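Visitor: any chance you could fold what I've pasted below:
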Amino acid sequence: MRVGGRQVRRVSCPVFTRAMSAIAGYAGARTFGNNSRRERAHHRLELARNGYLILKFFLNVSRDEQKKRFLERLDEPEKNWKFSPADVKERNCWDDYMKAYEDAIRRTSAPHAPWYVVPADNKWFTRLVVSAAIVQAIEQLGLRFPTIDAAVAKEFAECRKWLLAEKS
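Guide: Down below sits the predicted model:
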């Protein structure tokens, strides 16, 4: 897209989601390792250097709330699709997962790619906190609409006149 004779890049806002269990190692947090951790960190740094805004959110659901949600998934037929028996078995590793999450967050948080640990027992609150963090980060970018120079403004004025004079 061109504005004022200059090429302007369209803005996009990709959102990537990844379950922390995938980061910690699904077979159990005790298997957490640093598989290409440096490569991922380098990739995030390169993205940030190229103008990408990186925000990472850990939605921290308590053990009690997780139990409540699992029971709802079992009891309500329209939520059955969300349930996996493997999740119940993995609850035996809760403490290991918590340690792995803390370690992963501590080791992968950086000024260019910060983590936000958000309490997630109340969905309305979680959504509020995540939305506020995103809005704040975008506002800090200082984005502005592109401006046009005098020659383009004159051309726009002519176009406006022409459109207003056009018979419908």
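Visitor: residue ranges with poor pLDDT in this structure?
Guide: Along the chain, the parts satisfying pLDDT under 70 run over 1-35.
Visitor: counting by contacts, list what the longest helix seen in it packs against.
Guide: The single longest helix within the chain, with elements called by DSSP state H, is helix 123-140. In terms of contact count using 3 or more Cβ pairs under 8 Å, 6 or more residues apart in numbering; DSSP states H and E, helix 123-140 is assigned the packing partners strand 56-60, strand 115-119. All C-beta atoms are positioned from the backbone trio N, CA, C, and that covers glycine.
Visitor: including distance to Arg44, could these go into JSON lines?
Guide: JSON lines is the format used below for the helices and strands packed on helix 123-140 (distance: least, Cβ to Cβ, whole Å):
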{"stretch": "strand 56-60", "distance to Arg44": "9"}
{"stretch": "strand 115-119", "distance to Arg44": "11"}
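Visitor: right, and those strands - which one's nearest Cys159?
Guide: Distances from Cys159 to each of the helices and strands packed on helix 123-140 were compared using Cβ to Cβ; the minimum, 44.6 Å, belongs to strand 56-60.
Visitor: just want the angle from whichever helix or strand comes after the closest one to strand 115-119.
Guide: Later in the chain than strand 56-60, the nearest helix or strand by DSSP states H and E is helix 63-75. Here helix 63-75 points in a direction 70 degrees away from that of strand 115-119 (axes from the mean of the first three to the mean of the last three Cα atoms, to 10 degrees).
Visitor: mind listing what's buried along helix 63-75?
Guide: Along helix 63-75, these residues count as buried under the neighbour rule (16 or more other Cβ atoms under 10 Å): Gln66, Arg69, Phe70, Arg73.
Visitor: which other residues reach it?
Guide: For helix 63-75, the external contacting residues (Cβ atoms under 8 Å, 6 or more residues apart in numbering) are Val61, Lys79, Asn80, Lys82, Phe83, Asp87, Val88, Arg91, Trp94, Ala120, Asp121.
Visitor: ok, the last one - contacts?
Guide: This points to Asp121. Residues Val61, Ser62, Asp64, Glu65 are the ones in contact with Asp121 under the rule Cβ under 8 Å, 6+ apart.
Visitor: again, only using 6 Å
Guide: When contacts are counted by Cβ atoms under 6 Å, 6 or more residues apart in numbering, Asp121 is found next to Ser62, Glu65.
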